[in-house]
Each structure stands twice: as structure tokens, then as C-alpha cells.
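Enquirer: coords please:
(one chain, ligands or ions: 1)
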Amino acid sequence: MGEQSPQHCTPIYCHLAHLPSNGLLKVVLGQLGEVPRRRKDKLYSQIMDRARRVEGTLLLVFDEAHLLSGDALVDLRLLVSSAIEQGPPMKILLAGQDHLRQTLKRSEYTDIVNRISVRYQLCPLTKDQTRRYIDFQMSEHGGDDSMSDYSPEYLRRLRNEIAWRDLLERLRWVHKIREGRLVFQCPRCRETLMAVNARTNLGRCFRCKENWNPIDFAMETWELEFQSAVGILDPLLPRS
Ligand SMILES: [Zn+2]
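Expert: Below you'll find the model as predicted:
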């Protein structure tokens, strides 16, 4: 084993999984440095041609794969099938949330499921792993002690005392009042299905079943690092 060279891959990353299938194939081509052609059959052959010219195996990575449309899943399956039958070597990695698994259980996706050779489910991090992950990310980004720049009390206030309406306005994030209740867009699934739990001041998406505190929400929506998110939130704290 030690003498074998590791499998060489050229990875292409695509996180715009919510696009219609044609758009998705065009994004893949764009990532490969190609100008996409018009017709779908041409898009296929263009991707295959390009795959022949990469070093090793072309690995297409689709993040947020739970957002892939039925058409897109079928197209990806066809792409992999022709790669298996005629070459060039190509692999597809679908990384998504739990409902991807549920979707793939449907009978119309049996063909794509039969093409899957490796599955892996990531379990949530434990508290300790989360702490270590955050520490690692902070030090990687040169902010080693930045968390400790803020007192726990200050961080608690940022999580608990910021009014979500102010926050959404500050972030210019889609929100509205529906039946007297503030609802807003989820940064994950993009559905306007989030509301605030007044007791915990957490925003919750009723589709993803995920909770967000104001700091995490600001980091996610604006792709901010922790310190920048604090900078955005600070002016929104009620002044006594
Ligand atoms: Zn959601």
C-alpha cells in the first residue's frame, strides 16, 4: 500500500446547489474555467471533455446537496454513468444535511443511490470538540485570544439583549411581519420560515429545525468572523 501513489484528484467545489440543473452544470463549467455552451447535451459533453484534460480524477463537490433539485440529481447521475461507461475518471461528492438522505430514499432516485459507493454521516460535535474547533479556527485566523477579549457577560448580552428586528435591519436581511409576528429568511434553506423565541432570543428555522443566536446569525449571513460580527452587533445593544 505504502508504495502506491495516493489517488490524485482535481476537486471542483460548488455550493450553489439550489440552482436549476442547467445553471448548476454551467457553474461547474465556470469553475473549470470553461465558457458554458447553450444546450444541455453540449454541457454534458463539455464537462466530459474538460474532465479528460484534468490531472487524475475530476472530483465534483456539491455542498448543501440537500438543496439539489430532482432534475439536478438525475443529471449528476447521468454524468457519473457516462463517466463510468466511457471514462474519463470522475467522481461526485454530495455533502448535505440530513434531509438529503430522506430525499434519496424516494424510489425515483434508486438509480443514483445505486451509484453511491461511499456514505458517511457526520455526527454533531460534542461540547468539547466544539470548543476545540472554535479555538482552532480563531488561532488559524490570527485571532488567538479574541474570544477572551470579551467578557462572558458582554457576550451573553449580545446573544440575549439584541432585538432581532434591529439586527435584521442592520444586516439588510429579508424579514417581514406576518400576523403580527416577525418572520425572516433562513440563511441555510433561504425560506422565510424563521421566527424568534422570545424566551431564549434565538431565531429558529422551522424547516431546518436549527436555532441561531444573533452572533452566529450575523456571522453566517454576512460571512463574518467572530470579531467582525461583534462589531456589527455592538451598536445594537440597548444602552442603559
Ligand atoms: Zn432553514
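
Enquirer: check which residues of the lowest-mean-pLDDT helix or strand in the chain are buried.
Expert: Lowest on mean pLDDT, DSSP states H and E among the helices and strands of the chain sits helix 127-140, with a mean of 78. Neighbour counts over helix 127-140 (16 or more other Cβ atoms under 10 Å) mark M138 as buried. In short, each C-beta sits where N, CA and C put it, glycine included.

Enquirer: need the contact list for the nearest residue to L167 once chain neighbours are set aside.
Expert: Nearest in space to L167, with sequence neighbours left out and distances taken as Cβ to Cβ, 6 or more residues apart in numbering, is P214 at 5.4 Å. Contacts for P214 (Cβ atoms under 8 Å, 6 or more residues apart in numbering) come out as L158, R159, I162, W164, L167, N201, G203, L233.

Enquirer: so how far is T221 from the last one?
Expert: Taking Cβ to Cβ, to the nearest Å as the measure, L233 and T221 are separated by 12 Å.

Enquirer: and for the fourth one?
Expert: Between W164 and T221 the distance, using Cβ to Cβ, works out to 12 Å.

Enquirer: chain neighbours aside, what residue packs nearest to the residue nearest the centre of the chain?
Expert: Ranked by distance to the mean C-alpha position of the chain (Cα atoms, centre = their mean), the top residue is E64 at 4.4 Å. Leaving aside its sequence neighbours, E64 sits nearest to A17 (Cβ to Cβ, 6+ apart; 4.5 Å).

Enquirer: the one you found and L68 touch, don't they?
Expert: Yes: taking contacts as Cβ atoms under 8 Å, A17 lies within contact range of L68: 4.9 Å.

Enquirer: any residues in contact with both of the two?
Expert: Common neighbours of A17 and L68 (Cβ under 8 Å, 6+ apart) are L24, F62, G96.

Enquirer: contact partners for the residue nearest to the first one when sequence neighbours are not counted?
Expert: Setting aside the residues directly before and after it, L24 is nearest to A72 in space (Cβ to Cβ, 6+ apart), at 5.2 Å. Applying Cβ under 8 Å, 6+ apart, we find A72 in contact with A17, L19, P20, S21, L24.

Enquirer: flag whichever of the residues you listed scores worst on pLDDT.
Expert: Within the contacts of A72, the minimum per-residue pLDDT falls on A17 (80).

Enquirer: how about it, what does it touch?
Expert: L24, F62, D63, E64, A65, H66, L67, L68, A72, G96 are the contacts of A17 under Cβ under 8 Å, 6+ apart.
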